[in-house]
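> Quick one, structure for this:
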Amino acid sequence: MNNIVIFSPESSVLTYNDKKGASHTITCEGAIIKGGKTLMSLFKDAALMSALNKARDGKYRAAADILCVAFPGVGRAAEKLIGIPWANKSTMATLIGAASRAEPGAKGYSDKQQRARALVAELLTLPAFKDACTPPTFDQQ
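Numbering: from 1, shown residues only. Below is the predicted model:
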């Protein structure tokens, strides 16, 4: 087994409603095992919030990973141009700017890309990145 920590040593808990409308809580780790579209969607939302909170504290790796996974071409170009995108505020701002300008594919933005674009919009509200670029318009494509 690999040494993996999901989010933080504290327990991240999600709340969801089942098909009958009953409310339940489950840890993020439990949601991974349980699966299902609703739980995975909640889990992805929790991951985005965690990445945003880490970025707020100056720890950019999680947010950079999300942007690079959603926009792999942007991620490869950023690594080639600036090195480690999460190394500091300046390199992260460059990655955020590039991700904000990423064009949709032939079928529009994927769900993963929509989530990453929402993260970009939130990152641009942080004082560290307010001037990183002009906030993109996030219409559904």
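> going forward, measure contacts between C-alpha atoms and count neighbours the same way
Noted.
> Next, the contact list for residue 127, please.
Contacts of residue 127 were listed using CA atoms under 8 Å, 6 or more residues apart in numbering, and none were found.
> what separates it from residue 30, distance-wise?
Distance of residue 127 to residue 30, computed by CA to CA, to the nearest Å: 34 Å.
> Residue 115 too?
22 Å.
> Of these two, give the one with the bigger neighbour count.
Relative neighbour count places residue 115 above the other of residue 115 and residue 30, with 18 against 14, counting by other CA atoms under 10 Å.
> Next, the buried residues of the helix or strand hosting the more buried one.
Following DSSP states H and E, the helix or strand that holds residue 115 is helix 111-123. Under the neighbour-count criterion of 16 or more other CA atoms under 10 Å, helix 111-123 has 113, 114, 115, 116, 117, 119, 120, 121, 122, 123 buried.
> Counting neighbours, what do you get for residue 101?
Taking other CA under 10 Å as the criterion, the count of residues near residue 101 is 15.
> Please report how far it lies from residue 117.
Distance from residue 101 to residue 117, by CA to CA: 10 Å.
> Let me see the contact set for residue 48.
63, 115, 119.
> the longest helix in the protein is where?
helix 37-56 (DSSP state H).
> Show me which positions of that one end up buried.
So for helix 37-56, counting by 16+ other CA under 10 Å, buried means 39-40, 42-43, 46-48, 50-56.
> Tabulate those residues (TSV), appending distance to residue 79.
Formatted as TSV, the buried residues of helix 37-56 follow (distance: CA to CA, whole Å):
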residue	distance to residue 79
39	32
40	29
42	30
43	27
46	26
47	23
48	21
50	23
51	19
52	21
53	23
54	21
55	18
56	22
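> can you map out the helices along this protein?
Here the chain has its helices, by DSSP H, at 28-34, 37-56, 61-70, 72-82, 89-100, 111-123.
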